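Undergrad: Sequence and predicted structure, then a few things I'm wondering about:
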There are 2 protein chains.
Amino acid sequence: MDKKIQIGLLGIGTVGSGVLETILNHVSTLEIKKIAEKDPAKIGQYLHLPQGIFTDNAEELINDTDIKIFVELIGGINPALGLIKKAIQNKKHIVTANKELIAKHGKELFELAEKNNVVILYEAAVGGGIPIIMPLKQSLSANKITGMAGILNGTTNYILTKMEQEGSSFEEVLKEAQKRGYAEADPTADMQGYDAAYKIAILASLAFNKNVDINSVYKEGIVGISPVDIGYAKEFGYKIKLIGLVQNGEIENIDVRVHPMLVPEEHPISGIDGVLNAIVIEGEPVSRVMFSGPGAGKFPTASSVVGDILSLAHEISVTDYPMPMMRFSGAGKDAVLKDISETNNKYYIRVTAVNTPGVMGELGTICGRNSINLSGIVQKEMIEDGSAMIVLLTELAREKDVQKALGEMGENPKIKEINNLIRVME
Amino acid sequence: MDKKIQIGLLGIGTVGSGVLETILNHVSTLEIKKIAEKDPAKIGQYLHLPQGIFTDNAEELINDTDIKIFVELIGGINPALGLIKKAIQNKKHIVTANKELIAKHGKELFELAEKNNVVILYEAAVGGGIPIIMPLKQSLSANKITGMAGILNGTTNYILTKMEQEGSSFEEVLKEAQKRGYAEADPTADMQGYDAAYKIAILASLAFNKNVDINSVYKEGIVGISPVDIGYAKEFGYKIKLIGLVQNGEIENIDVRVHPMLVPEEHPISGIDGVLNAIVIEGEPVSRVMFSGPGAGKFPTASSVVGDILSLAHEISVTDYPMPMMRFSGAGKDAVLKDISETNNKYYIRVTAVNTPGVMGELGTICGRNSINLSGIVQKEMIEDGSAMIVLLTELAREKDVQKALGEMGENPKIKEINNLIRVME
């Protein structure tokens, strides 16, 4: 590049300050023309910078014709969505780490960008510092993607790992994670699976070149996982992980969902512990590749944001038509998702039953008449009140059959409680 | 793309036929204009294709002005080097899987390509189906790379894994691997570390944007690894892997090498078994990311080759100046490599000693006077002739000090044999 490409940064919170510091420390080919930030305390951390580059008005960036790349790092929908739209209409390229925005409004944004001949890059929106969006668009682009499985949320993975290591309850570990800053004060988006759902929806959209409606993605969080389940899973050779899953049948609808799973210990993703993320991609002809690394954090996320900015800057220094592979080209088509009730899975089911002869038989009978083959049924332990804890492991079964069987178990007087149902990765 | 980009394929051996079949089965945006192949048996597998596209003369591809991308899949230096040069001079872009060629002649090829305004892509040259070249050039481009460690050769990893699982000797497992087609009839390039050295040299060149002279890369293969070492390593919590290593000190020369290492079981790369490959990249600001998957094979390699072709085809459909990040931009500068004798490592040293009191003390004394701190010295077992097998584990020590200590041990009458020295990953 002969001339420095000028960029505007919107927001210098955690990720934004990481991006700013990375550019100042490592990158000589970019010029930060303006930074929009409303919080004086955040600006106060950069008193060594010429203060004229700061503004509390994002419109100044949007209206600055020198700025070629608008870098949005404030997160959330409002005001990010409106500002990005205006920036696109002013012919600025966009780099963002905003998974919620891309998952919910990707379709309209990509269409608007295409109309205005600009590009939106969002490597940091999935997997933090792990390169995954660009590899899907480029090196893996010859593949028919058949499946993806990801640990896409570091906070829940940290909690599940701690629960496993310490035998503590979800509530205890969450409290500790909040104290250490690993979990938000309001942890709903992470714990209920929303964050992972945004990410798997973005990956599925890319893999199949169709728009995946985030509202159609089935999600379950980790709130219902107990140390008892983690312990039993371990005995059977599994770890419990919150998994973003994509499966694409030959003729069927795309199956996209987020829920906890028992992952076999020999599966490469089972070794991904703590705040790490990992994504396994299966396709033809590649077979299976895995990407892992830090899924969040100030600096890892900055690595992906600045990587996007540099890729774009190189592009626009040589062409007015940045590479079409950087675009979301299937913005127009909507994916039809498979309903969870139509999916086939293996299951781990834990129930509390009256400890009388014949209970195991009745559980087996209920499963049998609902076309569910069991691979195991084990009485795990006696509870103080004389009840028995029983775990069932099934072969592949249809979700709606399993839900029907659960209903029948719930009505059976010998079954005191259905404690948990967790799907099992093959 | 409005118009199909036309390509020429040189060679339909294992990888070439994978590329051909992947394009025929999955890709509708490319047109294979000509295929150069001398072996009628290979052409005979594609009787359903119009036979006019086959030629036994590679020059026909080079002189065909319709062909925009020349895909070299014959491997080796001659005639690949000469043909690629001619193709570049005829303004054709190059896609290749040829690691030996890129490692040995990358510098001159990249310079020639730059002069002719064409691009050379070689994702498949490292890690087979694993995307690693493009991520280093793009998503990770903001990083100062501080280190890389890779299992880059599937054949040696398969052999080490089998030795570990079965307790068999190197020779036995190699013979079996040759029988099953996992190892070449002449396994030298794999076993002696040449193949892994090509790959780590290519990665180091990219990471530091300097030309790494393949002849300066230190290499040791796995021929000297015995089941005894693998067993002891396991007891100490390590696996033995053939590792391509890059380390970049703040002010020092770049350290690039290939040799077996004891890898701690908690390191993510230690779980990469069989024919799989993996590359760990450490940088600022990303911290650490890992890529893993099939490092070789007809179809995984084709995934990367066709990914490159598609990326290039999209580029050249919109610009006469394909993206500069796709180029090797540091072709002019030569990296200065650190000599192995100047590196610092932890070591595993196994010796056979006369079983008399004071041997352990003498070993300790030799280490001490050569500035080597031991973290452990253990007598492992008695051998039939009454000798003792002793394993030393060191703290970080300078290679030349360790080699000097080994020399002194060799001269000590109580030390009957120095069986092995293996470096230990931290």
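TA: Sure thing, it's come through.

Undergrad: all contacts plus neighbour counts: C-alpha atoms, from now on.
TA: Fine.

Undergrad: buried stuff in the helix or strand A:Lys162 falls within?
TA: A:Lys162 is located in helix A:154-166, with elements delineated by DSSP states H and E. Buried residues in helix A:154-166, counted by 16 or more other Cα atoms under 10 Å in any protein chain shown: A:154-164.

Undergrad: Now render these as JSON lines, adding distance to chain B.
TA: Listed next are these as JSON lines, based on distance: Cα to the nearest Cα, whole Å:
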{"residue": "A:Gly154", "distance to chain B": "14"}
{"residue": "A:Thr155", "distance to chain B": "18"}
{"residue": "A:Thr156", "distance to chain B": "19"}
{"residue": "A:Asn157", "distance to chain B": "16"}
{"residue": "A:Tyr158", "distance to chain B": "17"}
{"residue": "A:Ile159", "distance to chain B": "19"}
{"residue": "A:Leu160", "distance to chain B": "18"}
{"residue": "A:Thr161", "distance to chain B": "15"}
{"residue": "A:Lys162", "distance to chain B": "16"}
{"residue": "A:Met163", "distance to chain B": "19"}
{"residue": "A:Glu164", "distance to chain B": "17"}
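
Undergrad: Which members of these are the farthest-apart pair?
TA: Greatest spatial distance in these: A:Gly154 and A:Glu164, 15.1 Å, computed using Cα to Cα.

Undergrad: Tell me the residues on the stretch 1-150 of chain A that lie near chain B, please.
TA: Residues of the stretch 1-150 of chain A found near chain B (Cα under 8 Å from any Cα of the partner chain) are A:22-23, A:26-27, A:123, A:129-131, A:134-135, A:138-144.

Undergrad: Where strands are concerned, which of the residues you listed count?
TA: Among those, the ones falling in strands (DSSP state E) are A:Lys144.

Undergrad: Inside helices: which ones of the residues of the stretch 1-150 of chain A next to chain B?
TA: A:22-23, A:26, A:134-135 (DSSP state H).

Undergrad: so where do the strands sit in the stretch 51-200 of chain A?
TA: With DSSP state E, counting those that start in this stretch as the criterion, the stretch 51-200 of chain A has strands at A:54-55, A:69-72, A:93-96, A:120-121, A:144-151.

Undergrad: how about the ones you listed in CSV, adding mean neighbour count and mean pLDDT?
TA: Shown next, in CSV, are the strands of the stretch 51-200 of chain A (neighbours: other Cα atoms under 10 Å in any protein chain shown; pLDDT from 0 to 100):
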stretch, mean neighbour count, mean pLDDT
strand A:54-55, 18, 98
strand A:69-72, 27, 98
strand A:93-96, 26, 97
strand A:120-121, 26, 94
strand A:144-151, 23, 96
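
Undergrad: how about those, which one is nearest B:Ala183?
TA: Proximity of the strands of the stretch 51-200 of chain A to B:Ala183 was assessed by Cα to Cα; the nearest stretch is strand A:144-151, lying at 29.1 Å.

Undergrad: Which other helices and strands does the closest one contact?
TA: For strand A:144-151, the elements it packs on are helix A:194-208, strand A:238-248, strand A:276-284, judged by 3 or more Cα pairs under 8 Å, 6 or more residues apart in numbering or on different chains; DSSP states H and E.

Undergrad: Export those as CSV, with columns for distance to chain B.
TA: Output for these, formatted as CSV (distance: least, Cα to the nearest Cα, whole Å):
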stretch, distance to chain B
helix A:194-208, 13
strand A:238-248, 16
strand A:276-284, 8
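
Undergrad: For chain B, what's its nearest residue on the stretch 301-426 of chain A.
TA: The minimum distance from the stretch 301-426 of chain A to chain B, using Cα to the nearest Cα, falls at A:Gly307 (4.3 Å).

Undergrad: can you check the stretch 51-200 of chain A too?
TA: Per Cα to the nearest Cα, A:Ser139 is where the stretch 51-200 of chain A lies closest to chain B, at 4.4 Å.

Undergrad: What sits closest to that residue if chain neighbours are left out?
TA: Ranked by Cα to Cα, 6 or more residues apart in numbering or on different chains and with sequence neighbours excluded, the top spatial neighbour of A:Ser139 is B:Gly307, at 4.4 Å.

Undergrad: How many neighbouring residues does A:Lys179 have?
TA: For A:Lys179, the count of nearby residues is 12 (other Cα atoms under 10 Å in any protein chain shown).

Undergrad: OK, contacts around it?
TA: The contact partners of A:Lys179, by Cα atoms under 8 Å, 6 or more residues apart in numbering or on different chains, come to none.
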